[in-house]
Structures are given as C-alpha cells and as structure tokens.
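*Asks:* need a 3D model of the sequence below.
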Amino acid sequence: MLQVSLRLVIPEAELELTYVRSSGPGGQNVNKVNSKAVLRWNLAQSPSVPEDLRERLLAKLAPRLTRDGDLLLASDRFRDQGRNREDCLEKLKGILSAALFVPKARKESKPSRSSIRRVKEAKSRTSAKKKLRGSPRDFD
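*Replies:* Okay, here's the model as predicted:
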C-alpha cells in the first residue's frame, strides 16, 4: 500500500512495475542487468481514487498522462532494482501530493488609512516639485 494522503491510498496491485536496461551507473554490469525501474499506474480507471480527487489529479497531471490515463515514471539513479523501485514510488508519492495540494484562497484587503494618506502626501510633494520646474512667470 502506498499512502499518499489520508484520503488517497494506492494498493500495490494497481501499480505495474517493469525493469529494463539502465542508461545510468553500473559499469560493465550495465549491459547485462535490468536495473531501471518503470512504474505505470492507471489514474483514469483506478478504483482506489475518490471521484473528486480523480478530477483534480487528471486536471493537474494531464501533461504527464498517456491517452489511456496512465502515469509513467522511471528511475535509473541507482545500480540496483530495489532502490530504483523505491525511488519510483517516492516520485509517485511526491507528484500526487503536489497535485492534491489546494492553495489557500487569497482574501483581498483594503489599504489602511495611513497608507492612503502617505500615498496622497507623496503625490502632492511630487506635484509641487514638478510645478517648480515650470518657466518663471511675471509677478506684477
């Protein structure tokens, strides 16, 4: 079971893990061992995702999904399958956590009286300064 949040728990049976030859570290062994982990999870048809969360995830993760609604992740950071598998699971957890985050709504605030007064004073000072730049007039 992969616990992403309190409402989202993904059973291991829904996750499809395959292993392929890695382009990452491994020395001479890299051409013989399938150490790269590729994780595939079908978000669109997953029974473990509540409908409201599914809509949010599909909208947020749309660029990362295949046409069938699969989310693909790969990891070849490490030399062995087990660590790459754990890395894929951590990536999945991080991506889903970030997509489920709902930003706090911004409340518009009114400027304070003192800030309005300061702005008006600054405007009048600027106006007075610019009036002095004009050509001198005859004072009869």
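*Asks:* what segments of this protein are helices?
*Replies:* Assigned by DSSP state H, the chain shows helices spanning 51-60, 81-100, 113-131.
*Asks:* report all helices and strands that the shortest one contacts.
*Replies:* Using 3 or more C-beta pairs under 8 Å, 6 or more residues apart in numbering; DSSP states H and E as the contact criterion, the secondary-structure elements in contact with helix 51-60 are helix 81-100. Quick note: C-beta positions are derived from backbone N, CA and C, even for glycine.
*Asks:* what pLDDT, on average, does stretch 34-45 get?
*Replies:* Per-residue pLDDT values over stretch 34-45 give a mean of 83.
*Asks:* CA atoms of it as PDB?
*Replies:* Output in PDB follows, covering the C-alpha atoms of stretch 34-45 (Å, rounded to 0.1, in the frame of the first residue of the first chain):
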ATOM      1  CA  ASN A  34      17.800  -4.800 -15.900                       C
ATOM      2  CA  SER A  35      18.100  -2.200 -13.100                       C
ATOM      3  CA  LYS A  36      16.000   0.700 -14.400                       C
ATOM      4  CA  ALA A  37      12.500   0.700 -12.900                       C
ATOM      5  CA  VAL A  38       9.500   1.800 -14.900                       C
ATOM      6  CA  LEU A  39       6.300   2.400 -12.900                       C
ATOM      7  CA  ARG A  40       2.900   2.500 -14.700                       C
ATOM      8  CA  TRP A  41      -0.300   3.500 -12.900                       C
ATOM      9  CA  ASN A  42      -3.700   4.000 -14.500                       C
ATOM     10  CA  LEU A  43      -5.100   7.000 -12.800                       C
ATOM     11  CA  ALA A  44      -8.200   7.200 -15.000                       C
ATOM     12  CA  GLN A  45      -9.500   3.800 -14.100                       C
END
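*Asks:* hang on, the earlier thing: need the winner for burial among the helices of the chain.
*Replies:* With neighbours taken as mean count of other C-beta atoms under 10 Å, the helices of the chain reach their highest mean count in helix 81-100, at a mean of 16.
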